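Engineer: structure for the following, please:
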Amino acid sequence: MAAVTPTVAGSSASSPPSPPRSSAATSSAVTCRPSSATTSGSRPAARRSSAVRADATTRRARRPIVYCACESSRLPSRFGRRARPERPSTRGRDRRRGNLGHVSSSPALRVRHRASILTLTAATLALIAVAAPGKAYADPAQKTVLLIGDSNIFGHLGKALEADLRAEGYRVVRRGKPTSGLARPDFFDWFVEARRLVDAARPDTVIMLFGGNDGQRLRFRDRALGTIFWEDEARWNVVYETRIRRLMEYLQADGRRVVLLSPTNRASPRARMRMGRVRGAMQRAVRDLERVTYVDMFPFSSDERGRWLQTGHDERGRPVAYRRGDGIHLTTAGGVEVARRVLPTLNRVL
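Structural biologist: So this is what the prediction gives:
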């Protein structure tokens with residue numbers, strides 16, 4: 001780089017430059033531009049130089065403006081030193097962040113912040129260890145209810161029952177599988193799923209609702225064993241009752257209480273007829289099992305005339321639908337209503 005030669009704007013070459021003052025008082029606009037040898041005949045360089053002088057003259061009309069001409073391949077600066085933007089300071093912002101709980105740039109504040117987090121974490125873990133040693137919930141005396149079944153448990157009725165049981169002080173584990181039952185273990189095997197859920201939840205009580213999808217032919221997990229048709233009522237009853245009993249015997253093992261809920265009432269007369277056979281098989285299968293209680297859901301899902309519960313009223317007296325369009329599944333309001341009706345019976349059993 002060539003040597004830098006200072007030139008004074010607005011004064012002759014013979015007159016000596018004014019004596020310099022302090023930098024605070026005489027901060028002149030300084031820029032670096034190529035020397036006349038390298039920029040002669042260049043209009044952009046001339047425009048840049050004139051623009052700088054005009055801008056500097058506007059700001060510092062009474063004081064000389066010093067420019068620096070230098071040989072350089074870089075583009076010249078168009079701003080004086082005082083015109084360059086300064087990086088904003090973040091000290092105050094960091095200090096404010098520290099007051100708001102963020103990690104500050106100060107090492108001392110960072111140490112205090114980390115120490116407070118460690119203290120709070122240790123206190124929380126100590127409270128959990130004292131309140132519930134070896135438990136997944138706070139109260140060691142809290143009973144666990146395993147709520148399982150078909151689409152009614154998966155849907156609004158199961159959600160409402162879960163909320164009501166939690167409000168009664170139970171720990172609830174809910175598992176619903178739509179279109180499932182005991183008729184098609186080749187589609188979904190509740191024997192396998194029940195073992196998995198019991199091993200994981202360790203429940204005190206099991207509430208199971210199914211049967212709504214079982215008014216059909218019976219299949220086996222091994223399809224080579226054939227099919228038992230719905231029309232073969234005697235054989236159908238024997239096989240279906242055996243499946244119910246085997247499942248209930250497993251669920252009541254180790255002293256667990258079991259509540260078997262029947263299918264709900266529904267709109268179709270043909271479906272109600274089929275549910276009548278399913279409900280009868282359930283009652284016969286569990287009548288001599290000591291820790292299994294059968295609860296018929298038809299009265300809780302019917303109106304005062306015994307018909308399927310279709311509509312009702314909300315807390316403001318407005319009419320609401322209790323069933324979806326299929327005449328089987330409950331709406332949100334219907335699930336809440338049926339759960340409210342059956343909850344006292346469940347509390348007596350539990």
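Engineer: could you chop this structure up by domain?
Structural biologist: Domain assignment of the chain by automatic domain parsing yields the ranges 5-82, 144-349.
Engineer: okay, how far is it across the longest one, tip to tip?
Structural biologist: This means domain 144-349. 14 Å (C-alpha to C-alpha, to the nearest Å).
Engineer: what's the pLDDT at Arg223?
Structural biologist: pLDDT for Arg223: 87.
Engineer: not counting its neighbours along the chain, what's nearest it?
Structural biologist: Asp186 (5.9 Å; C-beta to C-beta, 6 or more residues apart in numbering). The way it works is simple: take the backbone N, C-alpha and C, and place the C-beta from them, glycine included.
Engineer: how many neighbours does that neighbour have?
Structural biologist: By other C-beta atoms under 10 Å, the residues close to Asp186 number 12.
Engineer: OK, contacts around Thr205?
Structural biologist: Listed by C-beta atoms under 8 Å, 6 or more residues apart in numbering, the contact partners of Thr205 are Lys143, Thr144, Val145, Leu146, Arg256, Arg257, Val258, Val259, Val349, Leu350.
Engineer: winner for burial among the domains of the chain?
Structural biologist: domain 144-349 (a mean of 17; mean count of other C-beta atoms under 10 Å).
Engineer: hang on, the earlier thing: which ones among the contacts of Thr205 map onto strands?
Structural biologist: Secondary structure assignment (DSSP state E) places Thr144, Val145, Leu146, Arg257, Val258, Val259 from those within strands.
Engineer: out of the domains of the chain, flag the one nearest Ser116.
Structural biologist: With C-beta to C-beta as the measure, domain 144-349 is the member of the domains of the chain nearest Ser116 (32.8 Å).
Engineer: which of the helices and strands in the chain ranks last by mean pLDDT?
Structural biologist: Every helix and strand of the chain was ranked by mean pLDDT, DSSP states H and E. The lowest is strand 5-9, at a mean of 41.
Engineer: any idea how far Asp189 is from Arg291?
Structural biologist: 23 Å (C-beta to C-beta, to the nearest Å).
Engineer: leaving out sequence neighbours, find the closest residue to Ala200.
Structural biologist: Nearest non-adjacent residue to Ala200, counting by C-beta to C-beta, 6+ apart: Val173, 7.9 Å away.
Engineer: can you say which helix or strand has the one you found in it?
Structural biologist: strand 171-176 (DSSP states H and E).
Engineer: which outside residues touch the helix or strand just after that strand?
Structural biologist: Using DSSP H and E, the next helix or strand after strand 171-176 towards the C-terminus is helix 190-201. Identification of contacts with helix 190-201 by C-beta under 8 Å, 6+ apart yields 144, 146, 148, 173, 175, 177, 180-182, 185, 206, 210, 246-247, 250-251, 256.
Engineer: sheet partners, orientation included, of the helix or strand following helix 190-201?
Structural biologist: Remark: after helix 190-201, the chain's next helix or strand is strand 205-209, criterion DSSP H and E. Take DSSP bridges as the rule and strand 205-209 pairs in its sheet with strand 144-149 (parallel), strand 257-261 (parallel).
Engineer: and strand 205-209, what's its mean pLDDT?
Structural biologist: Mean predicted confidence for strand 205-209 is 98.
Engineer: isn't Val349 right next to Val259, touching?
Structural biologist: Yes: between Val349 and Val259 there is a contact at 5.4 Å, judged by C-beta atoms under 8 Å.
Engineer: overlap in contacts of the two?
Structural biologist: Common neighbours of Val349 and Val259 (C-beta under 8 Å, 6+ apart) are Thr205, Thr293, Val295.
Engineer: hang on, the earlier thing: quick one: the residue nearest to Arg223 from Arg219, how far?
Structural biologist: 5 Å.
Engineer: ditto for Phe188
Structural biologist: 11 Å.
Engineer: now for the domains of the chain, which one comes closest to Ile117?
Structural biologist: domain 144-349 (30.0 Å).
Engineer: correct me, but Pro185 touches Arg219?
Structural biologist: Yes: with contact defined as C-beta under 8 Å, Pro185 and Arg219 form a contacting pair (7.1 Å).
Engineer: which one of the contacts of Thr205 is nearest to Pro319?
Structural biologist: Taking C-beta to C-beta as the measure, Pro319 lies nearest Val259 of the contacts of Thr205, at 31.8 Å.
Engineer: contact partners for Leu165?
Structural biologist: With C-beta under 8 Å, 6+ apart, Leu165 has these contacts: Val145, Leu147, Val172, Leu343, Leu346.
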